[in-house]
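**Q** I'd like to go over a predicted model; first the sequence, then the structure.
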Amino acid sequence: MCTPFGRRVKISDMMRVLRVAQDRDVEKPEGETEAVLDPEHLKTLVRHLPAVDAHAVSIPAQRQQPKREAMLQITFQHVRVQPPLHGASLRKTEICAWVVRVWEPQPPEGQEPLEWILLTTLPITCASDAWEVVQWYGWRWLLEDFHKALKTGCRMEHHNVQSMDAQWRLLAILTPIALRLLVIRRAAQQAIEIPATAVVSQEAVQIVVLLDPRHRTIETAKQLWRAIARLGGYLDRKSDGPPGWQTLWKGWMRVMDVLEGVHLATLLHPL
């Protein structure tokens with residue numbers, strides 16, 4: 001989710017934002033006005049706070065639902081989250097945090113309204129801070145896609161390395177590859193026609209054209225995405241879904257092998 005707010009982001013800050021699942025007991029800090037109805041429960045409290053700001057945001061396509069624009073409202077509140085009364089808990093004291101609620105008051109007909117209730121230990125002093133927390137949480141899909149590219153595509157967990165040092169070295173090799181696959185895939189899924197040369201080099205595009213007999217030229221990232229996946233075994237039939245990570249990985253490795261051979265041949269036989 002994109003918002004017009006943003007400062008330099010630290011990964012450690014993003015990890016301090018989570019989505020509320022359990023309706024925990026809370027106490028509001030002294031001196032702050034009480035919410036109506038049930039102020040002792042987190043979700044009830046924040047759902048009765050008035051909106052402090054609103055913005056139109058772009059909602060990506062998901063679960064057979066097309067991409068759309070939504071007008072979201074936001075509110076936030078400083079709270080003290082109480083530990084569970086029963087059950088295992090490593091923390092027995094309350095947590096001072098900020099709760100943020102972003103929701104869609106008027107969803108399109110036939111669609112469920114969007115609502116996120118987030119909890120963060122980062123201080124929130126204004127609406128811009130709250131929108132920034134929402135933006136950080138919205139990036140979780142991008143991070144999940146990157147992990148899929150690394151684990152499913154690059155098969156990070158299938159490499160038999162025995163030491164932590166070897167794991168770091170392997171991660172250093174595979175991370176740029178996973179990032180490249182993610183860039184290709186996301187560019188291909190954009191509504192606009194992004195040029196293929198915006199995500200890979202012109203040499204790589206030419207290699208794919210030579211290896212894939214279906215294309216005389218490849219102009220867009222979407223054409224490139226499917227062509228690379230076909231080199232990895234993707235059948236690309238009308239009934240097939242979009243290319244998966246493994247076929248994209250195998251196809252890209254083939255392109256890189258051929259490209260390396262071209263570079264070696266150039267060194268051996270310079271023009």
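**A** Perfect, I can see it now.
**Q** the domain parsing of this structure - what is it?
**A** The chain breaks down into these domains under automatic domain parsing: 11-138, 162-268.
**Q** lowest-confidence stretch among those?
**A** Mean pLDDT values for those show the minimum at domain 11-138, a mean of 78.
**Q** that older thread, any chance of the domains of the chain in CSV, plus mean neighbour count and distance to Thr152?
**A** All C-beta spots, glycine's among them, are computed from the backbone N, C-alpha and C. Output for those, formatted as CSV (neighbours: other CB atoms under 10 Å; distance: least, CB to CB, whole Å):
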stretch, mean neighbour count, distance to Thr152
domain 11-138, 15, 19
domain 162-268, 16, 4
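**Q** out of the ones you listed, which is closest to Lys148?
**A** domain 162-268 (5.7 Å; CB to CB).
**Q** how far does that closest one stretch from start to finish?
**A** End-to-end distance of domain 162-268 (CA to CA, to the nearest Å): 37 Å.
**Q** what segments of the protein are strands?
**A** 17-19, 26-27, 53-59, 68-81, 95-103, 115-120 (DSSP state E).
**Q** now these as JSON lines including distance to Val161?
**A** Shown next, in JSON lines, are the strands of the chain (distance: least, CB to CB, whole Å):
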{"stretch": "strand 17-19", "distance to Val161": "31"}
{"stretch": "strand 26-27", "distance to Val161": "45"}
{"stretch": "strand 53-59", "distance to Val161": "40"}
{"stretch": "strand 68-81", "distance to Val161": "40"}
{"stretch": "strand 95-103", "distance to Val161": "38"}
{"stretch": "strand 115-120", "distance to Val161": "36"}
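**Q** so which of the ones you listed comes closest to Pro176?
**A** Across those, Pro176 has its closest neighbour in strand 17-19 (26.9 Å, CB to CB).
**Q** my read: His215 touches Gln223, true?
**A** Yes. The pair His215 and Gln223 passes the contact test of CB atoms under 8 Å, sitting 6.7 Å apart.
**Q** ok, Leu217 - contacts?
**A** No Leu there; residue 217 is Thr. When contacts are counted by CB atoms under 8 Å, 6 or more residues apart in numbering, Thr217 is found next to Val209.
**Q** check Val46 too.
**A** Val46 sits next to 35, 75, 77, 99-101, 117 when contact means CB under 8 Å, 6+ apart.
**Q** swap the cut-off to 10 Å and go again
**A** Listed by CB atoms under 10 Å, 6 or more residues apart in numbering, the contact partners of Val46 are 20, 26, 35, 75-77, 79, 99-101, 103, 117-119.
**Q** let me know the pLDDT of Arg8.
**A** 50.
**Q** find the nearest non-adjacent residue to Ala130, please.
**A** Leaving aside its sequence neighbours, Ala130 sits nearest to Phe76 (CB to CB, 6 or more residues apart in numbering; 4.5 Å).
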